[in-house]
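S.K.: All I have is the shape, not the residue letters:
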């Protein structure tokens, strides 16, 4: 179910990324002021946009999780935020390189977008420690969703506040896409599409891997004739674990814990 | 203070549930009649419990105030300055208040989590949002007391320009900031309190969420502390108010999900 269409998605991602890179290096004109350095714009800004959209998407999936209590939504929310964090690291590194190249400093406090992004990133960096510090999987999922929604709402609020605090201090250079000439705008649009596809593909791969691992574990358990539910022996982890039985969230909990107890008692 | 005795806490929930004769908690009569108490009555009862427990245990407010005073002394030596004004003064005041507030946030739900307060509350047929409102109001009260100590101390120890002229505007800015800190602090405290690393997670979660309040608060305060004081710009007050509103609503909408087991 998770693996369906993954090959087509991967191929189209590679194709669009290849087109985007060739457009960046062979089609888009050199920037009048910044020259070759400006090319990093086609990687940095799409990374930032996709990461932020991923954070907000994680919040929307967390809302779906709290409404339906379906663990699969928690898994999707986790994967979206996890991948956005990785893209966020990429954004901060490319942004830093660009700042060093154009202004001579690795970090520029007067650039509100970069500063807001750092604050958002620092907040989301606590997502995994928060999950890791809660052992009960159901509560871990619930608390993580509450966090994801709060942080998702924080993203736009924080950008407004930081933008206000630095307005009129510094001319806007980074991230202003409104007055791009045609070829640059086209290249930017294709790059954005490529990075968005990359994000989607990586998320799908992670979901598929987690789902397959759960299926494999279930099969192995059945093969060895064990009846102990894997949930009781779950290693401590920040990542949610899907169980094949979890596709019927209402049916799983009581029976699973009962068998676990019934089996666990005589041994102890 | 750091080693509280068992008795004040264990007395506290009982105090809220079964008040001494002669001063019944409002709403109790309704409950006896079979009707669950309303939101206002529940909030009043919970807030009364908080405000009774704090003077008896002295767990948060004295620590927060003392921390603020010590931090001013630390700033004096760290900056090697006898007096500060403008941006620097606003920054020192807000950072100090923020860190002192975090101390209170960290302790806000500890007694409820460790000594069964949550269980007792969940057994009662009342709106769970009431606990958020009551805890946020309690935290707001702690912050006001903290500022009643810390702001005069700041004026005495570090502030260059005189305080009385700035006081009415400063009061407004601090009030707006406090509401936001109370709303976010309560949500974060509830989120962190039943995790294994709560002392660590509380500040880690709270600080980024409070950055916009520091921005708004410090920018609004710095003209008040300038040598020629001017009024704070309206847009900072607006930012603070908007932020308070949005996160107040978010905290209220999400708090229920933190109290399910």
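M.R.: Yes, it's here. Computed from a predicted structure; not experimentally measured. Residues are numbered from 1 along each chain as shown, chains lettered A, B, ... in the order given.
S.K.: and the residue lying closest to residue B:209 once chain neighbours are set aside, what is it in contact with?
M.R.: Nearest residue to residue B:209 in three dimensions, chain neighbours excluded: residue B:184, at 5.0 Å (Cβ to Cβ, 6 or more residues apart in numbering or on different chains). Where you see a C-beta, it was placed from the backbone N, CA and C, and this is true even at glycine. By Cβ atoms under 8 Å, 6 or more residues apart in numbering or on different chains, the contact set of residue B:184 is B:206, B:209-210, B:213, B:247, B:251.
S.K.: Can you tell me the closest non-neighbouring residue to residue B:201?
M.R.: residue B:192 is the one closest to residue B:201 (Cβ to Cβ, 6+ apart), at 4.3 Å.
S.K.: Any idea how many residues pack against the one you found?
M.R.: 28 (other Cβ atoms under 10 Å in any protein chain shown).
S.K.: chain center to the helix or strand where it lies, what's the gap?
M.R.: Residue B:192 belongs to helix B:167-193 when assigned by DSSP states H and E. Distance, stretch centre to chain centre, for helix B:167-193: 6 Å (Cα atoms, centre = their mean, to the nearest Å).
S.K.: Enumerate the positions of it that are buried.
M.R.: Buried residues in helix B:167-193, counting neighbours by 16 or more other Cβ atoms under 10 Å in any protein chain shown, are found at B:169-170, B:173-174, B:176-193.
S.K.: Quick one: name whatever helix or strand follows that helix.
M.R.: helix B:198-221.
S.K.: could you give me the average pLDDT of that next one?
M.R.: Helix B:198-221 carries an average pLDDT of 92.
S.K.: and stretch A:80-92, average pLDDT?
M.R.: Per-residue scores along stretch A:80-92 average to 95.
S.K.: who touches it?
M.R.: When contacts are defined by Cβ under 8 Å, 6+ apart, stretch A:80-92 is touched by residues A:43-44, A:47-48, A:50-52, A:54-55, A:57-58, A:61, A:114, A:117-118, A:120-121, A:124-125, A:127-128, A:148, A:195, A:199, A:202-203, A:206, A:239.
S.K.: Recalculate using a threshold of 7 Å.
M.R.: Contact with stretch A:80-92 is made by A:44, A:47-48, A:50-51, A:54-55, A:57-58, A:61, A:117-118, A:121, A:124, A:127, A:148, A:199, A:202-203, A:206, as judged by Cβ atoms under 7 Å, 6 or more residues apart in numbering or on different chains.
S.K.: which ones among these are found in helices?
M.R.: Using DSSP state H to define helices, the subset of the contacts of stretch A:80-92 located there is A:44, A:47-48, A:50-51, A:54-55, A:57-58, A:61, A:117-118, A:121, A:124, A:127, A:148, A:199, A:202-203, A:206.
S.K.: Just the buried ones from those residues?
M.R.: A:44, A:47-48, A:50-51, A:54-55, A:57-58, A:61, A:117-118, A:121, A:124, A:127, A:148, A:199, A:202-203, A:206.
S.K.: Now do the closest residue to residue B:81 other than its chain neighbours: how many residues are near it, please.
M.R.: In space, not counting the residues next to it along the chain, residue B:81 is nearest to residue B:158; the distance is 7.7 Å by Cβ to Cβ, 6+ apart. Residue B:158: 22 surrounding residues under other Cβ under 10 Å.
S.K.: Residue B:158 is in contact with residue B:83, isn't it?
M.R.: Yes: Residue B:158 is within contact range of residue B:83, at 6.2 Å (criterion: Cβ atoms under 7 Å).
S.K.: quick one: pLDDT of residue B:177?
M.R.: The model's pLDDT for residue B:177 equals 95.
S.K.: from memory it sits against residue B:243, does it?
M.R.: No: Residue B:177 lies out of contact with residue B:243 (Cβ under 7 Å); the separation is 9.4 Å.
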